[in-house]
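Engineer: Build me a model from this:
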Amino acid sequence: MARNTLLVVGTDAPARLAAAAWLEAHPRDAEVLVVGRGWEMCDDLVRAATSATGARFGTVRLTLDRLAVRLGTPALSRNRRTPATAPR
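Structural biologist: Sure thing, here's the model as predicted:
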């Protein structure tokens, strides 16, 4: 399976348009991870990408703190630890 990764750092219009174009280039049922500073930012990006192509599924939207919890919880669990903050 080939991986196509794009890292966009910035909130200016050209960066958002590049991210939306990248998302549009994926099939509507592709598994895609969108990580943003906040839920609204992730939602805006996905909305921009689906305005022309229609609904998507397989898109996971996370904030950085929730991604960290998801990635770190298995290791913490193996060591009988818990995250300092629980996911909502």
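Engineer: ok, the closest residue to Gly36 other than its chain neighbours - contacts?
Structural biologist: Across the structure, with CB to CB, 6 or more residues apart in numbering as the measure, the residue nearest Gly36 apart from its sequence neighbours is Cys42 (4.1 Å). Placement of C-beta: from N, CA and C, glycine included. Taking CB atoms under 8 Å, 6 or more residues apart in numbering as the contact definition, Cys42 lies against Val34, Val35, Gly36, Arg61, Leu62, Thr63.
Engineer: how about low-confidence regions in the protein?
Structural biologist: Scanning the chain with the threshold set as pLDDT under 70 gives 1-3, 85-88.
Engineer: most centrally placed residue in this structure?
Structural biologist: Val34 (1.5 Å; CA atoms, centre = their mean).
Engineer: what are the C-alpha coordinates of the helix or strand harbouring it, in PDB please?
Structural biologist: Val34 is part of strand 32-36, with elements assigned from DSSP states H and E. C-alpha atoms of strand 32-36 as PDB (Å, rounded to 0.1, in the frame of the first residue of the first chain):
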ATOM      1  CA  VAL A  32      -7.400   9.800   5.700                       C
ATOM      2  CA  LEU A  33      -6.200  11.300   8.900                       C
ATOM      3  CA  VAL A  34      -6.700  15.100   9.300                       C
ATOM      4  CA  VAL A  35      -4.900  16.600  12.300                       C
ATOM      5  CA  GLY A  36      -5.500  20.200  13.200                       C
END
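Engineer: That one pairs with which strands?
Structural biologist: strand 59-63 (parallel) (DSSP bridges).
Engineer: about what we covered before: can you point out the buried residues in the strand holding Val34?
Structural biologist: Val32, Val34, Gly36 (16 or more other CB atoms under 10 Å).
Engineer: contacting residues around the last one?
Structural biologist: Same thing as Gly36. Gly36 neighbours (CB under 8 Å, 6+ apart): Cys42, Leu45, Arg61, Leu62, Thr63, Leu64.
Engineer: what's the farthest-apart pair in those?
Structural biologist: Of all pairs drawn from the contacts of Gly36, the one with the largest separation by CB to CB is Leu45 and Leu64; the distance is 14.5 Å.
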